[in-house]
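Asker: structure, please.
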Amino acid sequence: MVSESASEPTTRTDQGLVANPKVRLLALIALLVLAVDIVTKVLAVAELEDRAPVQLLGGLVYLQLVRNPGAAFSLATGYTWVLTIVAIAVVVVILRVARRLRSTGWAVALGLVLGGALGNLTDRIFRSPGPLQGHVVDIVSLFTPDGRAWPVFNTADSSIVSGGVLLVLLALLGRELDGRRTSGESKDRAEDGSVGE
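Answerer: As a prediction, this is how the structure comes out:
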């Protein structure tokens with residue numbers, strides 16, 4: 001009897017999490033980003049391997065295959081396994097905070113970050129030289145080939161940066177994960193305090 005009642009809250013919580021439209025939005029965006037990232041990387045490996053950079057838009061964009069053992073800007077190239085652990089931690093944290101998600105903005109931002117983290121994590125796990133040490137496939141170089149003007153990046157990187165920028169904007173606007181506005185609440189409290197005086 002005790003075990004049955006103990007398991008009920010967990011089931012309800014899980015069902016509530018899945019039924020939450022903001023969580024579904026987060027998952028949809030993350031899956032879309034992951035799918036686009038995987039497809040573009042597979043095409044890049046198939047079409048750009050051992051090939052000179054492909055110039056697009058009059059040299060504004062170059063497509064080329066770069067295998068990156070490090071993070072963005074080729075930082076931490078000797079610490080691929082650490083980057084893998086960081087990516088796993090990011091995924092776990094996002095999945096945990098999703099329970100409190102009630103904001104569309106946060107759902108979009110976290111979906112972008114989650115999809116990007118999963119995209120690069122997939123490379124780290126499944127690409128050579130081996131599990132947890134795989135090199136991330138980067139594809140896009142802006143303005144010049146070889147990342148001389150801007151580091152070569154991929155869909156996952158773009159998604160992580162876009163999601164991160166959106167998270168900063170939401171924080172600056174006082175938007176909370178649960179949909180509340182902190183700046184509005186602070187103002188309301190201040191007005192309530194002044195009335196009481």
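Asker: find the centremost residue of this protein, please.
Answerer: The chain has residue 113 as the residue nearest its centroid, 1.4 Å off, counting by C-alpha atoms, centre = their mean.
Asker: can you tell me the closest non-neighbouring residue to it?
Answerer: The shortest distance from residue 113 to any non-neighbouring residue, by C-beta to C-beta, 6 or more residues apart in numbering, is to residue 163 (3.8 Å). In this view, the C-beta of every residue, glycine as well, is placed from N, C-alpha and C.
Asker: ok, now residue 40?
Answerer: Leaving aside its chain neighbours, residue 40 sits nearest to residue 155 (5.4 Å; criterion: C-beta to C-beta, 6+ apart).
Asker: please enumerate the strands of the protein.
Answerer: For the chain, the strands defined by DSSP state E occupy 54-56, 61-68, 136-142.
Asker: point out where the chain drops to low pLDDT.
Answerer: Residue ranges of the chain with pLDDT under 70: 1-18, 70-81, 183-197.
Asker: can you tell me which helix in it is longest?
Answerer: helix 21-48 (DSSP state H).
Asker: for it, buried residues please.
Answerer: Residues of helix 21-48 classed as buried by neighbour count (16 or more other C-beta atoms under 10 Å): 22-23, 25-27, 29-30, 33-34, 36-38, 40-41, 44, 48.
Asker: so what does that helix touch, helix or strand wise?
Answerer: Helices and strands touching helix 21-48, by 3 or more C-beta pairs under 8 Å, 6 or more residues apart in numbering; DSSP states H and E, are strand 61-68, helix 104-126, strand 136-142, helix 155-172.
Asker: could I get these as TSV with distance to residue 182?
Answerer: Rendered in TSV, the data for the helices and strands packed on helix 21-48 read as follows (distance: least, C-beta to C-beta, whole Å):
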stretch	distance to residue 182
strand 61-68	38
helix 104-126	13
strand 136-142	36
helix 155-172	9
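Asker: so residue 171 versus residue 127, what's the distance?
Answerer: 34 Å (C-beta to C-beta, to the nearest Å).
Asker: ok, these two, which is more surrounded?
Answerer: Of the pair residue 171 and residue 127, residue 127 is the one with more neighbours under other C-beta atoms under 10 Å, namely 17 against 13.
Asker: thought the more buried one was touching residue 138?
Answerer: No. With contact defined as C-beta atoms under 8 Å, residue 127 does not count as touching residue 138 (11.8 Å).
Asker: quickly list what's touching both of those two.
Answerer: The contact sets of residue 127 and residue 138 overlap at residue 67 (C-beta atoms under 8 Å, 6 or more residues apart in numbering).
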